[in-house]
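Participant: Can you look at this prediction? I've put the sequence above it.
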Amino acid sequence: MAKVAQEMVKKAGVNLDELVELLVANAAAELTTYYYYTILRVNLIGMAGETIKEIAETARIEDRNHFEALVPRIYELGGKLPESMVDFHNCSACPPAGLPQDPTDVKATLKVLVEAERCAVRGYTHICNLTTGKDHRTYDLALAILNEEIEHESWFSEFLGEGPSGHFLRRGETSPFVSKFLK
């Protein structure tokens with residue numbers, strides 16, 4: 001535990017218990033999304049599915065990275081992960097990104113993917129709003145994750161025809177914003 005970090009967060013007016021609970025719930029969302037995206041990606045078949053498989057894979061790997069980056073901060077702030085994977089899954093900040101009824105319906109799969117990303121954007125925006133100017137380390141981490149989640153949402157929403165976003169798939173690099181927290 002980082003005693004001074006906890007002290008400074010409390011002194012800045014952040015409810016430490018609430019913040020740790022939010023971080024754990026978002027870490028659960030990241031790990032469960034990684035799991036569910038694995039299943040979704042495997043089912044992206046055919047010409048339509050193959051066009052988004054690489055993007056789904058990038059988002060999947062980055063969600064795992066987000067989980068890995070969140071865990072140290074949770075423990076620095078005196079929190080911990082649930083001992084049971086079932087409990088961890090069930091405390092997720094976002095609903096499961098499960099397969100649609102028809103796993104071959106690529107548009108339905110895209111809707112699952114984009115809604116998962118939108119939930120993440122809302123969650124990290126909330127954490128940023130709670131910590132801005134008060135808990136610089138958590139804010140920086142949440143902002144880095146938020147930047148990647150916004151890109152994920154943009155990629156999937158473009159495939160749904162919701163309009164251009166200006167974001168492009170990364171080549172050879174994952175987690176450009178979060179990578180500094182993974183070292």
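Facilitator: Yep, it's here.
Participant: What strand or helix carries the closest residue to L40 other than its chain neighbours?
Facilitator: With sequence-adjacent residues excluded and distances taken as CB to CB, 6 or more residues apart in numbering, L40 is closest to T109, at 5.7 Å. Quick note: C-beta positions are derived from backbone N, CA and C, even for glycine. T109 is located in helix 106-131, with elements delineated by DSSP states H and E.
Participant: Buried ones in that helix, by neighbour count?
Facilitator: For helix 106-131, burial by neighbour count (16 or more other CB atoms under 10 Å) applies to 106, 109-110, 112-114, 116-121, 123-124, 127-128, 130-131.
Participant: buried set for the helix or strand just after that helix?
Facilitator: Counting by DSSP H and E, the next helix or strand C-terminal to helix 106-131 is helix 136-159. Across helix 136-159, burial judged by 16+ other CB under 10 Å covers 137-146, 148-159.
Participant: Also stretch 53-72?
Facilitator: 55-56, 58-60, 62-71.
Participant: Identify the residues contacting that stretch?
Facilitator: When contacts are defined by CB atoms under 8 Å, 6 or more residues apart in numbering, stretch 53-72 is touched by residues 23, 26-27, 30-31, 33-34, 37-38, 40-41, 44, 81, 113, 117, 141, 144-145, 148-149, 152, 155-156, 159, 169-170, 174-175, 178-179, 181-182.
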